[in-house]
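>>> What follows is a predicted protein model with its sequence.
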Amino acid sequence: MRSRLGSMTSSETLADGILPRPVVGRLPRYAAGKPPAPVEGLASYKLSSNENPLPPLPAVLEAIAGQTDFNRYPDPLSTRLRTALAGFLQVPAEDIVTGAGSLGALNQILATFAGQNEDGKPDEVIYAWRSFEAYPISVGLAGAQSVQVPVTADGRHDLDAMAAAVSARTKVILLCTPNNPTGPALTAAETEAFIGSVPSHVVVVIDEAYQEFVRSADAVDGLSLYRKYPNVVVLRTFSKAHGLAGLRVGYSVAGPGLTQHLRVAATPFAVSQIAETAAIVSLQNFGQVVERVQSLVDERTRVLSGLRALGWAVPDAQGNFVWLDLGTHSADFAAKAAAQALSVRAFPGEGVRVSIGEQEANTRLLALCADYTNPPRGS
């Protein structure tokens, strides 16, 4: 037996006879944005993960530099952060539930409201597709069934089709605005009309991870709808605008009829004390956050204008990224970007998402697009 084990790898030994739940084999794998490969003579830029290319605010770095209480568990309720957010958002602190990023907060929502029922049948979760690629993974792991409704040709949610997809088994609907990876934001009017068209017992999640980047005058504000509809949950994060992606701090906002249940499913100690401190200090210096976000929005405008001047058809972009509908040319474009020391996020056969990065990175992207021979064209 010893010789047999010695000839096997440790992973083979450990995995012998151990199988995951069947759903795991059916789930897609989350593909995180890859770092750029080095290219001699060129500075490398990562445009594949929708990260803020700017570091956290100096006040944030100063505040967390001297923190030493990591031998203690953090406050499981993130009381200081929820109190700060309550004042910032003008909502009751009791309506806020923190999580490890907005994805952690979403997983708590799904664990609470969607899964497999006692009769063995799964609940349904409706969302647009393509949208955030973690949605099908999170829904599947919760034990629920995904109902994916294709986005329109210009990358928008097809809300009429999503409303038509609601069934007796629908428990949660996810609205990603601006939609990642395609870019458009939902309008206030269409979102409110949609909420009014679905049963009031269905939880409607408005995922606003990129809310601070939105400049569309008629865009939805999830908080205004949460105040009107007891079945609405708003998701937000400190990962994007605040540049705290590595600290994993997000939150949901919902009425007490939902938060009383969400707290049961919330992951204990999901937000560390260093993340809580960083988020609070960033809120206290939000004016500087706004200035930094505006600089990225200005770069987004420059990239969009440059692409359209080249004749490229690009959907409206309200996040910190643009969507290139390159279809079967997506992998080829990503390879050519890599040769220019730019990493982008390719969805093979569909398109390429490019995060707005440093000015030099954006300029190099536009130069690449100017020479590319298979650009996306409008219909």
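Yep, that arrived.
>>> buried residues in the host helix or strand of Val139?
Here Val139 sits within helix 135-142, counting by DSSP states H and E. Under the neighbour-count criterion of 16 or more other C-beta atoms under 10 Å, helix 135-142 has 135-142 buried. No exception for glycine: its C-beta is placed from N, CA and C like everyone else's.
>>> can you check stretch 34-50 too?
36, 45-50.
>>> try stretch 304-316
Of the residues in stretch 304-316, those buried (16+ other C-beta under 10 Å) are 304, 306-307, 312, 314-316.
>>> Quick one: mean pLDDT for stretch 259-271?
On average, the pLDDT along stretch 259-271 is 95.
>>> neighbouring contacts of that stretch?
Outside of stretch 259-271, the residues within contact range by C-beta atoms under 8 Å, 6 or more residues apart in numbering are 73-74, 76, 78, 81, 94-100, 104, 107-109, 111-113, 248-249, 252, 254, 279.
>>> Filter those residues down to just the buried residues.
Buried, going by 16+ other C-beta under 10 Å: 74, 78, 81, 95-100, 104, 107-109, 111-113, 248-249, 252, 254, 279, out of these.
>>> In strands, which of these fall?
Judged by DSSP state E, the subset of these located in strands is 96-99, 252.
>>> Counting neighbours, what do you get for Pro375?
Applying other C-beta atoms under 10 Å, we find 18 other residues in the vicinity of Pro375.
>>> same check, this time on Ser272
Residues near Ser272, counting by other C-beta under 10 Å, number 18.
>>> Give the closest residue to it in space, chain neighbours not counted.
Excluding the flanking residues, the one nearest Ser272 by C-beta to C-beta, 6 or more residues apart in numbering is Pro74, at 5.3 Å.
>>> what does Gly104 give?
In space, Gly104 is closest to Ala270, 5.6 Å off (C-beta to C-beta, 6+ apart).
>>> Distance-wise, check the one you found relative to Gly250.
Here Ala270 is placed at a distance of 9 Å from Gly250 (C-beta to C-beta, to the nearest Å).
>>> What segments of the stretch 251-379 of the chain are helices?
Ranges of helices in the stretch 251-379 of the chain, per DSSP state H, counting those that start in this stretch, are 256-265, 273-284, 286-309, 330-339, 359-371.
>>> Redo the ones you listed as a markdown table? Include distance to Tyr226.
Formatted as a markdown table, the helices of the stretch 251-379 of the chain follow (distance: least, C-beta to C-beta, whole Å):
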| stretch | distance to Tyr226 |
| --- | --- |
| helix 256-265 | 10 |
| helix 273-284 | 19 |
| helix 286-309 | 20 |
| helix 330-339 | 36 |
| helix 359-371 | 35 |
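>>> Mean neighbour count, these: which tops it?
With neighbours taken as mean count of other C-beta atoms under 10 Å, the helices of the stretch 251-379 of the chain reach their highest mean count in helix 273-284, at a mean of 21.
>>> Cross-check the contact I'm expecting between Gly222 and Ala209.
No: using C-beta atoms under 8 Å, Gly222 is not in contact with Ala209; the gap is 11.0 Å.
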